[in-house]
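1. Fold the following, please.
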Amino acid sequence: MSDPDTPINTTSNSQPTFESLWFQYRQQLSSFLHARIANADDAEDILQEVLLKSLQALPTLKSHTSIKPWLFQIANRTLIDFYRSRAKQRALMTEELWYQEQDADIKQQLAQCLSPFIQQLPEDMAILLREVELLGKSQKQLAAEQGISYSTLKSRVHKGRQQLRQLYEDCCQFSLDTQGRILDCDSSSDSGSGSNSCDC
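-> The predicted structure is shown next:
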């Protein structure tokens, strides 16, 4: 009979191996994750992440008798990290698409309205946003043309959009639908910006 205080052995036959213990609790962990995540593929990806994290942290586990709560603790933390990451991605997407609208006429009007604001940005930023926002060039294509990584260009576009959004909001008032999509824009009569670009 094994000593419960003996550290888990991943190779010896005299002690329960991590593989055998993981096999014992894998289905319970899978059910735990699938019950909390709608997408089955995401749940399986997280299960594999739990396995990797467990193997990495295995030296810190002193007794195999405590492995079940230990595994579920790792699974719970990984699940929390997953939802935090998903929330950040959605927030970023919402911020980056703040001015987009499905209606073609509104989109064209907004593009015309954006042009003078883009001109107020630093030259390199203005050129970048003009290519992406007004000419519709893909960020991946533009990154390849400029010989920089996609992530670097994406970061620059994000920064430029933040600056553009601030200029635009200082000048214009948006009419939004119940889902937060832009329906129309008007000049802010009380913006006090004094900018000659406030003609939307």
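2. what's the helix or strand for residue 69?
-> Using DSSP states H and E, residue 69 sits within helix 67-96.
3. Show the residue spans covered by the helices in this structure.
-> 18-34, 40-57, 67-96, 104-119, 123-129, 139-146, 150-171 (DSSP state H).
4. Which one of the ones you listed has the poorest average confidence?
-> Between these, the one with the least mean pLDDT is helix 104-119; it has a mean of 68.
5. still on that earlier bit, I'd like to check the angle between the helix holding residue 69 and helix 18-34, please.
-> Using axes from the mean of the first three to the mean of the last three C-alpha atoms, to 10 degrees, the inter-axis angle of helix 67-96 relative to helix 18-34 is 40 degrees.
6. buried sites along helix 67-96?
-> Across helix 67-96, burial judged by 16 or more other C-beta atoms under 10 Å covers 67, 70-71, 74-75, 78-79, 82. The C-beta positions use only the backbone N, C-alpha and C, and glycine is treated the same way.
7. Check stretch 40-49 too.
-> Of all the residues in stretch 40-49, those buried under the rule 16+ other C-beta under 10 Å are 43, 46-47, 49.
8. Other residues contacting that stretch?
-> 26, 29-30, 33-34, 36-37, 75, 78-79, 82 (C-beta atoms under 8 Å, 6 or more residues apart in numbering).
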